[in-house]
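*Asks:* Fold the following.
(chains A, B and C)
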Amino acid sequence: MEIKELIFTVPTGERNQMINITSRVLSAVRETKIQNGDVIVFCPHTTAGITINENADPDVVHDILLTLKDLIPQDKPGYRHCEGNSDSHCKSSLIGTSEQILIKNGVLNLGSWQGIFFCEFDGPRTRKVILQVKGQ
Amino acid sequence: MEIKELIFTVPTGERNQMINITSRVLSAVRETKIQNGDVIVFCPHTTAGITINENADPDVVHDILLTLKDLIPQDKPGYRHCEGNSDSHCKSSLIGTSEQILIKNGVLNLGSWQGIFFCEFDGPRTRKVILQVKGQ
Amino acid sequence: MEIKELIFTVPTGERNQMINITSRVLSAVRETKIQNGDVIVFCPHTTAGITINENADPDVVHDILLTLKDLIPQDKPGYRHCEGNSDSHCKSSLIGTSEQILIKNGVLNLGSWQGIFFCEFDGPRTRKVILQVKGQ
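*Replies:* You can find the predicted model right below:
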């Protein structure tokens, strides 16, 4: 059982944005030569997250971001955090900081329509993604 | 350290439904003979998810599905995705695509009231669940 | 590859509360002497959860709890579960039951602002946190 860590950066261009990072995760997994195991995709930021959702129609991403925006407005009576990004922190905890994807025969064992997305909730910024690939 | 993959199907009967799959996950773990480690329960679909919640009173499941339905309506001004299931994709990202459960002495190390649920958000369909059991 | 389990208790003082458990997770990881791998932080309760968010300004925690309370009210027409804590179960499934954190050179590989929080949604109670540290 081997454990390998890889890091890449994701430049984001909007305050709220979902960026498909599936091919970058796959490239990193291939680099490790690990054939069976799993990869943890970890976001080391508190106003961003990682999710898995549809990789085909970009309207799905639009509708997820719209839903999050309507549920968790940027300004809301009662917020105390003074940086104006309380909504970003909330979205981060609801979407989650990491995902785990299984590796089978050297590739990601995702469903046909699944892609891995870096979710920016307080951009634009330059973000980091940490991968840990474990397996044999 | 061994890594074993197992797959089972879950037929669903409603558009929104939570199906207790704990006993199926436990059977699969027992088949592997792995005594200590963990199991990743992964849903390869983008309009469904996996969660852990109360296994005793079915009213809990009812109330979770009701809450999700009220927060994320099926029709909403502004949705662009034309398949009529934007809500299903949103619920999937909020509930999450996978759970990890610890294995101790060959059984699932869950709390007394915890069960593992497959969450259907765009049924009825026949769904797949992928398990990866890792341990020794 | 070693697998070690540790447990600690978290006494909570409010109905809704987020308690920073980062230093307790770090101490447990150090005890194992594992240098590289990961730790699963698992909550064996159905009305609580684990999340990662900002460790610096306590107002962030305030604003996350406020948002959850407004989105998922304690009383809501249609709830069937008769224990008065349907909201707690919903919050648990949205926040999630576990987090996984990477271990690098014997410490937690978290971002500068990230802390690990035990989320109480039906306190005050005495809760348990189960850790599984895996690595070498």
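
*Asks:* How about the residues of chain A by chain C?
*Replies:* Residues of chain A lying close to chain C by Cβ under 8 Å from any Cβ of the partner chain are A:1, A:3, A:5, A:40, A:42-46, A:71-72, A:76, A:78-83, A:86-87, A:89-90, A:92-94, A:96-98, A:100, A:128, A:130, A:132, A:134. Quick note: C-beta positions are derived from backbone N, CA and C, even for glycine.

*Asks:* Would you mind writing the PyMOL command to select the buried ones in these?
*Replies:* Buried members of the residues of chain A next to chain C, defined by 16 or more other Cβ atoms under 10 Å in any protein chain shown, are picked up in PyMOL with:
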select buried, chain A and resi 1+3+5+40+42+43+44+45+46+71+72+79+81+86+87+89+90+92+93+94+96+97+98+100+128+130+132+134
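
*Asks:* The residues of chain A next to chain C: which ones sit near chain B?
*Replies:* Applying Cβ under 8 Å from any Cβ to the residues of chain A next to chain C, one finds that A:1, A:71, A:94, A:96, A:100 fall near chain B.

*Asks:* dump the residue contacts of the third one.
*Replies:* For residue A:94, the contact set (Cβ atoms under 8 Å, 6 or more residues apart in numbering or on different chains) comprises A:68, A:72, B:94, C:94, C:95.

*Asks:* can you give me the mean pLDDT across stretch A:3-17?
*Replies:* In this model, stretch A:3-17 has a mean pLDDT of 98.

*Asks:* Endpoints of that stretch, how far apart?
*Replies:* Chord length of stretch A:3-17, first to last residue, is 31 Å (Cα to Cα, to the nearest Å).

*Asks:* Residues in contact with it: which ones?
*Replies:* A:19, A:21, A:24, A:28, A:31-32, A:34, A:65, A:68-69, A:118-134, C:36-37, C:102, C:104, C:109, C:135-136.

*Asks:* if we can go back for a sec, by pLDDT, give me the weakest of the ones next to chain B among the residues of chain A next to chain C.
*Replies:* Note: of those, the lowest pLDDT belongs to residue A:1, at 87.

*Asks:* pretty sure residue A:110 is touching residue A:101, no?
*Replies:* Yes. With contacts counted by Cβ atoms under 8 Å, residue A:110 reaches residue A:101, the gap being 6.4 Å.

*Asks:* Find the residues that touch each one of the two.
*Replies:* Counting by Cβ under 8 Å, 6+ apart, the residues touching both residue A:110 and residue A:101 are A:52, A:116.

*Asks:* Tell me the buried residues in stretch A:28-43?
*Replies:* So, applying 16+ other Cβ under 10 Å, buried residues of stretch A:28-43: A:28, A:29, A:32, A:34, A:36, A:37, A:38, A:39, A:40, A:41, A:42, A:43.

*Asks:* residue contacts, the one residue in chain A that gets nearest to chain C?
*Replies:* Per Cβ to the nearest Cβ, residue A:44 is where chain A lies closest to chain C, at 3.1 Å. For residue A:44, the contacting residues are A:128, A:130, C:109, C:110, C:111, C:112, C:114, by Cβ under 8 Å, 6+ apart.

*Asks:* want to try TSV for those, with pLDDT as columns?
*Replies:* Formatted as TSV, the contacts of residue A:44 follow (pLDDT from 0 to 100):
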residue	pLDDT
A:128	98
A:130	98
C:109	98
C:110	98
C:111	98
C:112	97
C:114	98
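
*Asks:* Generate a ChimeraX selection restricted to the buried subset of those residues.
*Replies:* To isolate the buried members of the contacts of residue A:44 in ChimeraX, using 16+ other Cβ under 10 Å:
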select /A:128,130 /C:109,110,111,114
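
*Asks:* Now flag whichever of the contacts of residue A:44 is closest to residue B:59.
*Replies:* Distance to residue B:59, by Cβ to Cβ, is smallest for residue C:114 among the contacts of residue A:44, at 35.8 Å.

*Asks:* Got the phi and psi for residue A:81?
*Replies:* phi -60, psi 130 (degrees, to the nearest 10).

*Asks:* what's the answer for the one 5 residues further on, then?
*Replies:* The phi and psi torsions at residue A:86 (degrees, to the nearest 10) take the values phi -60, psi -40.

*Asks:* Return the residues in contact with it.
*Replies:* Shown in contact with residue A:86 (Cβ under 8 Å, 6+ apart): A:76, A:79, A:80, C:59, C:60, C:63, C:64, C:67.

*Asks:* Recalculate using a threshold of 6 Å.
*Replies:* A:79, C:63 (Cβ atoms under 6 Å, 6 or more residues apart in numbering or on different chains).

*Asks:* Also residue A:41?
*Replies:* By Cβ under 6 Å, 6+ apart, residue A:41 lies in contact with A:25, A:50, A:99, A:116, A:131.

*Asks:* Report the beta-bridge partners for the second one.
*Replies:* It stands for residue A:50. residue A:118 (DSSP bridges).

*Asks:* same question, the third one
*Replies:* For residue A:99, the beta-bridge assignment (DSSP bridges) gives partners residue A:41.

*Asks:* burial of the residue nearest to residue A:46 when sequence neighbours are not counted, as a residue count?
*Replies:* Excluding the flanking residues, the one nearest residue A:46 by Cβ to Cβ, 6 or more residues apart in numbering or on different chains is residue C:54, at 4.5 Å. Using other Cβ atoms under 10 Å in any protein chain shown as the criterion, residue C:54 is surrounded by 26 other residues.
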